[in-house]
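**Student:** this one's structure only:
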């Protein structure tokens, strides 16, 4: 960003009493613990502050990146030459509304973590969301990529999403119109849209049984995934007819490393930060893994993590 743009945007944010900081290290806000500083780090506390922040960034020609819990994001070592907007302040809810068919709709802010939403559902005896209890992202991030695990995905329970569109107008669309597919949604096609909240439809269930299911999923994650190391979760999307981790393991790449980035020895589907890993390390590692897997198996792997430069 040009210095004049920085100074103009700084004044505008200050005059509107919008919360922000400058040169914020992004490694502190991602589960990979990688990334240089953002020129601006904006932390709106509600939809009104968010809309004003985005409007000012646009008016001043600043690039914007919308961030949830940072659990699927790899920022460049140089940082982000623009404004990173932290959506975790939009963490209201969930609020419950009983439906005529016996189901219940829960609505929550995009910044609420999936863990908190799952816990609230379990406490209210609402079934259908247990699969998501160990996913480390926010509700907004989960909608954006149609997150899933253990045979479930967000499109199974998603009812509707409220968001700001390209004109910063508030809109709501039903799940059927969101092009929800494997780790993708309509929001990926419209990166300037900003999710505000989402509603899920859940079915009546037994709280104790739901809790047992959640505990089983969490234990399975602990047993099989390298949760003790910084990572961005599953590094590659599942290729049609195969599993990324199995392909990587079969190619003899368990423990393969570039710099501080390494294929986990516990689960080959994960790239971990063994300490001091850079974005460049992760990109080189994943590029080499993709090339080796393609050469040896014929399968083309696609990164699930988002590399932001």
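**Tutor:** Thanks, I have the structure now. If you're wondering where the values come from, they're calculated on a predicted model, not measured in any experiment.

**Student:** quick one, helices of the stretch 51-200 of the chain?
**Tutor:** 114-123, 139-144, 186-189 (DSSP state H, counting those that start in this stretch).

**Student:** Now the first one: buried residues?
**Tutor:** Residues of helix 114-123 classed as buried under the neighbour-count rule (16 or more other Cβ atoms under 10 Å) are 114-115, 117-118, 120-122. Heads up, the C-betas are built off the backbone N, CA and C, glycines and all.

**Student:** Tell me which of the helices of the stretch 51-200 of the chain approaches residue 75 most closely.
**Tutor:** Closest to residue 75 of these is helix 139-144 (Cβ to Cβ; 14.9 Å).

**Student:** Could you list every helix and strand in contact with the closest one?
**Tutor:** Using 3 or more Cβ pairs under 8 Å, 6 or more residues apart in numbering; DSSP states H and E, the elements in contact with helix 139-144 are strand 104-109, helix 114-123, helix 186-189, strand 194-204.

**Student:** circling back to that earlier point, mind checking which of the helices of the stretch 51-200 of the chain is nearest residue 225?
**Tutor:** Among the helices of the stretch 51-200 of the chain, the nearest to residue 225 by Cβ to Cβ is helix 114-123 (15.3 Å).

**Student:** from the middle of its chain, how far away would that closest one be?
**Tutor:** Centroid separation between helix 114-123 and its chain, computed with Cα atoms, centre = their mean, to the nearest Å, is 17 Å.

**Student:** orientation of it relative to strand 104-109 in degrees?
**Tutor:** 150 degrees (axes from the mean of the first three to the mean of the last three Cα atoms, to 10 degrees).

**Student:** ok, which stretches of the stretch 101-250 of the chain are strands?
**Tutor:** Here the stretch 101-250 of the chain has its strands, by DSSP state E, counting those that start in this stretch, at 104-109, 126-127, 148-149, 152-153, 158-164, 170-174, 194-204, 231-234.

**Student:** Now mean pLDDT and distance to residue 240 too, for the ones you listed, in JSON lines please.
**Tutor:** Output for the strands of the stretch 101-250 of the chain, formatted as JSON lines (pLDDT from 0 to 100; distance: least, Cβ to Cβ, whole Å):
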{"stretch": "strand 104-109", "mean pLDDT": "98", "distance to residue 240": "33"}
{"stretch": "strand 126-127", "mean pLDDT": "98", "distance to residue 240": "30"}
{"stretch": "strand 148-149", "mean pLDDT": "96", "distance to residue 240": "16"}
{"stretch": "strand 152-153", "mean pLDDT": "97", "distance to residue 240": "16"}
{"stretch": "strand 158-164", "mean pLDDT": "98", "distance to residue 240": "23"}
{"stretch": "strand 170-174", "mean pLDDT": "98", "distance to residue 240": "28"}
{"stretch": "strand 194-204", "mean pLDDT": "98", "distance to residue 240": "28"}
{"stretch": "strand 231-234", "mean pLDDT": "96", "distance to residue 240": "16"}
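
**Student:** Same list, these, but as TSV with distance to residue 28 please.
**Tutor:** Shown next, in TSV, are these (distance: least, Cβ to Cβ, whole Å):
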stretch	distance to residue 28
strand 104-109	22
strand 126-127	34
strand 148-149	26
strand 152-153	30
strand 158-164	26
strand 170-174	31
strand 194-204	22
strand 231-234	15
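
**Student:** Which one of these lies nearest to residue 26?
**Tutor:** Closest among these, using Cβ to Cβ: strand 231-234, at 12.8 Å.

**Student:** now the buried residues of helix 114-123 in a markdown table, with pLDDT and distance to residue 236?
**Tutor:** Output for the buried residues of helix 114-123, formatted as a markdown table (pLDDT from 0 to 100; distance: Cβ to Cβ, whole Å):
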| residue | pLDDT | distance to residue 236 |
| --- | --- | --- |
| 114 | 97 | 21 |
| 115 | 97 | 24 |
| 117 | 98 | 26 |
| 118 | 98 | 25 |
| 120 | 98 | 32 |
| 121 | 98 | 29 |
| 122 | 98 | 31 |
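
**Student:** nearest to residue 108, of those residues?
**Tutor:** In terms of Cβ to Cβ, no member of these lies closer to residue 108 than residue 117, at 5.5 Å.

**Student:** And the helices and strands packed on helix 139-144: which comes nearest residue 8?
**Tutor:** Using Cβ to Cβ, the helices and strands packed on helix 139-144 put strand 194-204 closest to residue 8, at 22.3 Å.

**Student:** what's the spacing between the closest one and its chain's center?
**Tutor:** Taking the mean of its C-alpha atoms, strand 194-204 sits 16 Å from the chain's own mean (Cα atoms, centre = their mean).

**Student:** Could you list the paired strands of that strand along with their orientation?
**Tutor:** strand 104-109 (antiparallel), strand 126-127 (antiparallel), strand 158-164 (antiparallel) (DSSP bridges).
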